[in-house]
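In: the sequence and its predicted three-dimensional model are supplied below.
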Amino acid sequence: MGAIGPVTIRELLDRLDVAGASLVEMSEILERALEEPASPPWEDVSGQLLTHPEKAYPVRELAEIDTVVVHHSGPPTDQRCTLDAIAAWHVWGTSDHKVEWPGIAYDVVVYADGRAYLVKPPDLVGYHCGEWNTRSVGIVLVGDYSDSAPPDAQLEAARQVISWWRAQGLVTQIKAHREIRPTACPGELWREWVPRLWSA
């Protein structure tokens, strides 16, 4: 079969056959597939970051996932927010905040300049949003967006990541962290920019 972006014609036909999709739904599926980049919009560094020597994240079926949860890293936003630093914080915590998770909790980390990194395979359940962990993947925008919006390059990179997940059938909805947990993350202005990440 021929290929359109990263999907084959057979895969497209399988998508269109799901639950008797309407013509409008079929059109949307085809449009998204045609817009997919030839490869995932991130650099894959999963398996290269610090993990706990004695703990491991649970494994799940990808079919269990339906939601992408959006986070911001909050302060600090300088060089201490390297991938290695985020992983170390999630594995060991700090002197006043013990964590000891199996590894970095998010699935993708996006920086202000648009660099995006896959830091954990989505079939591993990361600890980033409580009872929603099993059904979600987590994307974090590095920066403190408590009272501002992320820069356009970062928003566009995050949108491309989420569009890829949508096209692969991984997620069907988006949530800001604070919509499902008692937290300020990802900031007070989330309603102004989180919906943009779900646009086609």
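Out: Structure received.

In: so how far is residue 63 from residue 93?
Out: 32 Å (Cβ to Cβ, to the nearest Å). In this view, the C-beta of every residue, glycine as well, is placed from N, C-alpha and C.

In: more crowded one of those two?
Out: Counted by other Cβ atoms under 10 Å, residue 93 and residue 63 do not tie: residue 93 has more neighbours, with 13 against 8.

In: who touches the more buried one in this structure?
Out: Residue 93 is in contact with 99, 100, counting by Cβ atoms under 8 Å, 6 or more residues apart in numbering.

In: which stretches in this structure count as helices?
Out: 9-16, 23-35, 83-92, 152-167, 177-180, 190-193 (DSSP state H).

In: residue 154 and residue 108 touch, don't they?
Out: No - in this structure residue 154 lies outside contact range of residue 108 using Cβ atoms under 8 Å: 11.9 Å.

In: re the thing from before, out of the helices of the chain, which is closest to residue 70?
Out: Closest to residue 70 of the helices of the chain is helix 177-180 (Cβ to Cβ; 6.5 Å).

In: tell me the buried residues in the closest one?
Out: 177, 178, 179 (16 or more other Cβ atoms under 10 Å).

In: ok, the nearest residue to residue 145 once chain neighbours are set aside - contacts?
Out: Take residue 145 and drop its neighbours on the chain: the residue closest to it by Cβ to Cβ, 6 or more residues apart in numbering is residue 187, 3.9 Å away. Taking Cβ under 8 Å, 6+ apart, we find residue 187 in contact with 72, 144, 145, 146, 147, 148.

In: count of neighbours near the closest residue to the fifth one other than its chain neighbours?
Out: On the basis of Cβ to Cβ, 6+ apart, the spatially nearest residue to residue 147 that is not a chain neighbour turns out to be residue 188, at 5.4 Å. Other residues within reach of residue 188, judged by other Cβ under 10 Å, total 12.
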